[in-house]
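> Kindly return the folded structure for what I paste below:
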Amino acid sequence: MNTDELTTFFERDLNKLITEIELYKKEENIWRVEKNISNSAGNLTLHLIGNLHTFIGKEIGKTNYFRNRELEFTQNNVPRKELIDSINDTIEMVKKSLAFLTNQELKKEYPILKFTKVETNEYLLVHLISHLTYHLGQINYHRRLIDE
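Coordinates of the predicted model:
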C-alpha cells in the first residue's frame, strides 16, 4: 500500500462521514443518546477528528495539535456546519500530512508506542482507516435508529 492509496481511503470515508452527518433530518439527533447507545454521532465524529489529528497530524504531519480526548465524548450540540467544517479540515490535514510520506517512510517505525509493540507508520495508518470505518458504521446505524 502506498500513501496515495491510504489518502484515498481516508478521503473516501471522511466524505462518507460528512454525508452521514448531512443525512440527519433533525440536527439535534446528531447528539442524541438513548437506551444502550452511549455515544452520539456527534461525539463519535469529534473522536474521529481528534484521533486523526493526533496520530496523523501531530505525529506524521508535525502539526501542533493538542488533543482533549475527554471533550470528544462530553461536548454536545456543536452545530452541524461546524462538524462538517472540522471534517473538511481533517481531510486537508490528512492529505498534507501524507503527501510527502515516502514508501520508505511508511516502513519506518511509528514515533510513539500505540500498541503492545512498536509498529510501522503503514501499520498505524491502516489501523486508523479501520478505526474510522468502524465508527462510520456506528454513525450510520445510529442515524437510522435515532433519526426516524
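
> Doesn't residue 30 belong to a strand?
No. With DSSP: H, G, I helix; E, B strand; the rest coil as the criterion, residue 30 is located in helix rather than a strand.

> measure it to residue 40 for me?
As judged by CB to CB, to the nearest Å, residue 30 and residue 40 stand 6 Å apart. C-beta coordinates here come from the backbone N, C-alpha and C atoms, glycine included.

> Check residue 8 too.
Residue 8 is 28 Å from residue 40, by CB to CB.

> the more surrounded of those two?
residue 40 (21 against 11; other CB atoms under 10 Å).

> show me the contacts for residue 140.
residue 20 (CB atoms under 8 Å, 6 or more residues apart in numbering).

> swap in residue 108?
Counting by CB under 8 Å, 6+ apart, residue 108 has contacts 120, 121.

> Okay, now the unreliable bits of this structure?
Judged by pLDDT under 70, the chain has no weakly predicted residues.

> In it, mark out all the helices, start to finish.
3-23, 41-52, 69-74, 80-99, 103-106, 121-146 (DSSP state H).

> quick one, which of those helices is packed in tightest?
helix 41-52 (a mean of 23; mean count of other CB atoms under 10 Å).

> Which neighbouring elements make contact with that one?
Applying 3 or more CB pairs under 8 Å, 6 or more residues apart in numbering; DSSP states H and E, we find helix 41-52 packed against helix 3-23, helix 69-74, helix 80-99, helix 121-146.

> Export the shortest one to CSV, keeping only CA atoms.
Only the C-alpha atoms of helix 69-74 are listed here, as CSV (Å, rounded to 0.1, in the frame of the first residue of the first chain):
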residue,chain,number,x,y,z
ARG,A,69,-9.9,13.3,24.3
GLU,A,70,-12.3,13.6,27.2
LEU,A,71,-14.0,16.6,25.5
GLU,A,72,-14.6,14.4,22.4
PHE,A,73,-17.1,12.4,24.4
THR,A,74,-18.5,15.1,26.7
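
> Report all helices and strands that it contacts.
helix 41-52.

> contacting residues around the helix it packs on?
10, 17, 20-21, 24, 29-31, 39, 67-69, 71-78, 83, 86-87, 90, 93-94, 128, 131-132, 135-136, 138-139, 142-143, 146.

> For the protein, which residue occupies the most central location?
When CA atoms, centre = their mean is applied to the chain, the residue found nearest the centroid is residue 48 (2.8 Å).
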